[in-house]
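Visitor: Turn this into a structure:
(chains A and B)
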Amino acid sequence: MSREGQKLDYAAAGGNGAGGVGIGVLSLDLLGQVLDRLREPRDRKACRLVSRAFERAEATHRRALRVLRREPLPRLLRAFPSLERLDLSACASLDDASLSAAIAAAGAGGLAGLRRVCLARASGVGWRGLEALVAACPRLEAVDLSHCVGAGDREVAALAAAAGLRELRLDKCLAVTDMGLAKVVVGCPRLEKLSVKWCREISDIGIDLLAKKCPELRSLNISYLKVGNGSLRSISTLEKLEELAMVGCSCIDDEGLELLSKGTDSLQSVDVSRCDHVTYQGLASLIDGRKFLQKLHAADCLHEIGQRFVSKLATLKETLTALKLDGLEVSDSLLQAIGEGCNKLVEIGLSKCSGVTDEGISSLVARCSDLRTIDLTCCNLITNNALDSIADNCKMLECLRLESCSLINEKGLERIANCCPNLKEIDLTDCGVNDAALQHLAKCSELRTLKLGLCSSISDKGIAFISSNCGNLVELDLYRCNSITDDGLAALVNGCKKIKLLNLCYCNKITDSGLGHLGSLEELTNLELRCLVRITGIGISSIATGCKSLIELDLKRCYSVDDAGLGALARNAFNLRQLTISYCQVTGLGLCHLLSSLRCLQDIKMVHLSWVSIEGFEIALRAACGRLKKLKMLNGLKTVLSPELLQMLHACGCRIRWVDKPLVYKDC
Amino acid sequence: MDRSQNHIHGQSAANFCYQFGSDNPLLGMGIQQQFAPFTSPFGASSSTNIPHMDWNPATMLDNLTFIEDKIRQVKDVIRTMVDNGGQLPCRQGDLTQQQQVVNADLTCLIVQLISTAGSLLPSLKNSSFLSQPPAGHMDTVNHVGSSSSFIPNATTISEENKEDMCSPEDYEELFKGFTDGAMEGGIEIDNVFVEEQDAKDGDEGGDASMDGENLPPGSYELLQLEKDEILAPHTHFCSICGKGFKRDANLRMHMRGHGDEYKSPAALAKPPRDASVEHELVKRYSCPFVGCKRNKLHKNFQPLKTILCVKNHYKRSHCEKSYTCSRCHTKKFSVMADLKTHEKHCGRDKWLCSCGTSFSRKDKLFAHVALFQGHTPALPADETKNSSDQISRVGSHQEPAKFPSSMGSSFMWGTSSSDDRGLDVKGLAGCSEDILSTGNFGSFNFSFGPADGFTGEPSGSSFSVLPPEHFQSAQKKGKN
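Guide: Numbering: from 1, shown residues only, chains lettered A, B, ... in the order given. Next up is the predicted model:
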């Protein structure tokens, strides 16, 4: 709990104890202001629990709500009448019936203030639920329907009734066609942000209508659509467009970019990554027309760069802040030209670029002192010299990705650590760094993300260095750092209490006592323990009881984990949403217990559970039916499970991935 | 075998080209005189120059005698083959040689037969046995009026060059020549078959601006067919039974029924284009309808390119539209192919606008929607029904969401209500034997089945099982 929270805690408790002279006398408005200043949801909860005044204040003041289960939804919507943002993306087993019922329970005007609704991955919600929602929320401005793979024209048409809609995300709503899009653009003419990424049925015709009907559009994502240059001609007529993403549009080529360049100067960000038919010539003509570009992402699409592009790039000297050229063959002279031409760069991406050398990097960074993000993933020619020049020039550096740069070592990292105090993220996966490097990096107290996968020489000592000074660490990746033992974990949890994501896959010296230490990480949300063959149900139960925030847990190939472990999860890990228990020694009983108890569980991978009978699967799945969104099971089960169960799962929006893998036990 | 045939073909090609050069009837003017120098091997000088549409019994008799002799010869050859085959296997070379000879003889026979029979054909037609326009009509056709007079010339095939006949190309040419010649007045020329394949050209294909070859008047031969010819259903006729066909290929298929001699690959092959055609003056056609832009009297006359163009143009522009679409019962066509094209799309993929207008194509609908404020595409109705079916099915399968307490307590796994005591170990142990045995699923079905609590809810009624009227009204609302 944060410090503000604790203070409030005392005040509330004292106030109530002293007979009404404390918190209770403050007006609800004031209390609401206090609550607004609390960032951590846990602190707010503590306040709510300890004082009725705070509870009342929160009831009237609460603006945002994230619901994890559908059962309390009606009560919550009634309790918080002034909600503006509602996040139902993690709400288990939400469907049309429950959503409509909750909306009805909130009563007329209960949701009148609601502006933003997130329904991402709510695959159980169809057009009836959306119709009810739109009808109840007259001020709706933003809807996120992404990854509702079953959503189609009818669902989108239901949204079209929200005339005030400004933002809409339809990523991967696979059944949406031009017709659905047309409904939306006609119904919501004030649309400012739209993402139709992966809606593969949408064609040039739909995009053309969009451009004609929604002149307010500022941000548009048409990634992975099968649209061609004609769409870009239509899009170029959008006078307010600032952001355009068209990743993986293989039907778009230089001609399209030429068409796009004929427009106003509003465009600031363009992403043409993975557009196979785009070359530097097209980008050059785009830059020629759009003179105020700030971000240009051209990852994995360019094969060569000509002088024309470089000279055009220099015309963006004053504006360009982000440039991504992943996968390009670069030369020192090109990097030098970029460095000289675009010295306002904040972000540069050179991931998987061949030909990146120390000289190139030093000439690039020499003039770009504002660089905060440098991605050098797989630029395996660079050495400590490159790190030295980065450290000397980019004092503001926040993110440095060096995966597979195996020529660097602790000396270079020492320089970085000394010169870049703002470093928040560093990726050293497969760099072969050692404990000494971590000792230097520990100076970066702002470090949030540290990736050390495949650095097998890192030992408990190195972890102890990190833990001693990096208290803000949120993500730690120790994939296959197999020298780490339980002592290392003990040291880690001593210093890094805020860790949310932890990867310990294949660190096979870890035992139950190590997991016992992890149990004190209350904020841990994602934990990967793949192939830790020594851990058993005891270790799992200490995690389950300790890590209350756990959302994702990977126990694949933890051969010693049994029903006791699942039982502990079933009793304690209420927030668990994703679980992998493939190859574990669990039985049908444990599985039934688990699936019937965990009300937030939506995604479970259970391949090769040899101890579970068919009946066990059947009953367990029936118990969790309606909640599950994703399943991974052996192909053999497809025929033996009852068809009505599969039909039911399908009807509830659950996707099943059937796999055919031989049963092989691996040690690591 | 191939080589020898090619060789033979080389020898004979010139011969046949010349002899059957008139197979293009449009060439036919004045050809009769050219034929005069030819002499029959049978010495019947009068028979070579048979005037148009009558036949000479003397020639016929000669021909039949020749055929008779020929058959006897072939019989002899085959008989020796049979005899040899009975004794010992003769050498491959001998056999093929003999077969070759037989083939050649048979081919010769066929030609003779056809020509003999073919000379009968005009008289048959004349007696209005076929639905061909009367011959006298042909005189009005400009330049068109070739005779079938070459047919008796087939009898000029002598015994000396009879082997030459075995070349398939030659035979085909001969055959083609025959069929075309047999069409007295032969309006259809040999390449019509090819053109009918790309019938989509239509008459517009003849548009001078379209085809790029803007021929100055006079640089082409202008033909004008009369209405009756244009509307004549068939243009290829069987020389044996008189059945008419639109396509030469179909006629050739038909001919198979008249005997094995028509079944040889050579007989069935497509006749090659006449090489001499290339040197011809380009032909263009005029529509017989006076006042039509395609009529030669029109001041901005634009000729039609092919006969097919003439036919389609005439039917589309100057005939009644007698074919009605069986789907929409409104669209009418005068050309059958147009109807079929329309029917392919009629009624399918109706793109509907909220204003009630329907479009055959999506882009047309979208252009309409873009143009008019407030109009929006209407989703197809059947989709609505399907998705509603699905949803109601889902609804009925699912446990009622809002009433955990009203859930059937028979199934405790699913009910796990607000607190974690929902599933205690005792209950688990108690159920486990039952649960893990097979015959127990009925009870679970039961617990998932009823959704009564759900329809009882006031709001629930709006989405649980909706009557169809609801959708319609909802849709209407959407339109407004």
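Visitor: Of all the residues in the stretch 401-550 of chain A, which one is nearest chain B?
Guide: Of all residues in the stretch 401-550 of chain A, A:Ala544 sits closest to chain B, at 12.0 Å by CB to the nearest CB. C-beta: built from backbone N, CA, C; applies to glycine.
Visitor: show me the contacts for that residue.
Guide: Neighbour list for A:Ala544: A:550, A:565, A:568-569, A:571-573 [criterion: CB atoms under 8 Å, 6 or more residues apart in numbering or on different chains].
Visitor: swap in A:Gly495?
Guide: Residues near A:Gly495 by CB under 8 Å, 6+ apart: A:466-471.
Visitor: Now, of the residues you listed, which are buried?
Guide: In these, burial by neighbour count holds for A:466-467, A:469-470, counting by 16 or more other CB atoms under 10 Å in any protein chain shown.
Visitor: A:Leu450 touches A:Leu476, doesn't it?
Guide: Yes: counting by CB atoms under 8 Å, A:Leu450 sits close enough to A:Leu476 to count as a contact (5.4 Å).
Visitor: Could you tell me which residues touch both of these two?
Guide: With CB under 8 Å, 6+ apart as the test, A:Leu450 and A:Leu476 both reach A:Ile466.
Visitor: Quick check: residues of the stretch 1-150 of chain A near chain B?
Guide: Residues of the stretch 1-150 of chain A found near chain B (CB under 8 Å from any CB of the partner chain) are A:70-72, A:74, A:93, A:95-98, A:100-105, A:126-129, A:131-132.
Visitor: from the stretch 251-400 of chain A, which residue is nearest to chain B?
Guide: Counting by CB to the nearest CB, the stretch 251-400 of chain A gets nearest to chain B through A:Cys251 (16.8 Å).
Visitor: How many neighbouring residues does residue 307 have?
Guide: Because you didn't say which chain, this covers chain A. Other residues near A:Gln307 come to 11 when the count uses other CB atoms under 10 Å in any protein chain shown.
Visitor: I was thinking of chain B, sorry if that wasn't clear
Guide: With other CB under 10 Å as criterion, B:Ile307 counts 22.
Visitor: B:Asn295 versus that one, what's the distance?
Guide: Counting by CB to CB, to the nearest Å, the gap from B:Ile307 to B:Asn295 is 16 Å.
Visitor: remind me which residues of chain B are low pLDDT?
Guide: B:1-55, B:84-94, B:115-214, B:272-280, B:347-349, B:381-480 (pLDDT under 70).
Visitor: can you list the domain ranges for it.
Guide: With the TED database as the criterion, the domains of chain B are listed as B:220-269+B:280-320, B:348-378.
Visitor: Which of those domains sits closest to chain A?
Guide: Of those, nearest to chain A by CB to the nearest CB is domain B:348-378, at 4.0 Å.
Visitor: List the buried residues of the closest one.
Guide: For domain B:348-378, by 16+ other CB under 10 Å, it's B:351-354, B:359, B:362, B:365-366, B:368-370, B:375-378.
Visitor: Can you spell out which helices and strands pack onto the helix ranked longest in chain B?
Guide: Longest helix of chain B, by residue count under DSSP state H: helix B:57-87. The elements that helix B:57-87 packs onto, with contact taken as 3 or more CB pairs under 8 Å, 6 or more residues apart in numbering or on different chains; DSSP states H and E, are helix B:92-118.
Visitor: Can you list the buried residues in the helix it packs on?
Guide: With burial defined by 16+ other CB under 10 Å, the residues of helix B:92-118 counted as buried are B:98, B:100-118.
Visitor: What of stretch A:305-319?
Guide: Neighbour-count burial for stretch A:305-319 flags A:305, A:309-310, A:312-313, A:315-316 (criterion: 16+ other CB under 10 Å).
Visitor: just stretch A:171-181 next, same as before
Guide: The neighbour-count check on stretch A:171-181 (16+ other CB under 10 Å) flags A:171-173, A:175-181 as buried.
Visitor: do stretch A:438-446 as well
Guide: Applying 16+ other CB under 10 Å to stretch A:438-446 flags A:438-444 as buried.
Visitor: remind me which residues of chain A are low pLDDT?
Guide: Checking chain A against pLDDT under 70 turns up A:1-22, A:668.
Visitor: Kindly report the residues of the stretch 451-600 of chain A close to chain B.
Guide: By CB under 8 Å from any CB, the residues of the stretch 451-600 of chain A that approach chain B are A:570-571, A:574, A:588-589, A:592-593, A:595-597, A:599.
Visitor: If you rank the residues you listed by neighbours, which is first?
Guide: Greatest neighbour count in these, by other CB under 10 Å, goes to A:Cys592: 30 neighbours.
Visitor: Quick check: closest non-adjacent residue to that one.
Guide: Nearest non-adjacent residue to A:Cys592, counting by CB to CB, 6 or more residues apart in numbering or on different chains: A:Ala620, 4.5 Å away.
Visitor: Is that neighbour within a helix or a strand, and which one?
Guide: helix A:614-624 (DSSP states H and E).
Visitor: same for that helix, what does it pack against?
Guide: Short answer (3+ CB pairs under 8 Å, 6+ apart): helix A:614-624 packs on helix A:588-597, helix A:637-640, helix A:643-651, helix B:412-415, helix B:425-436, helix B:441-448.
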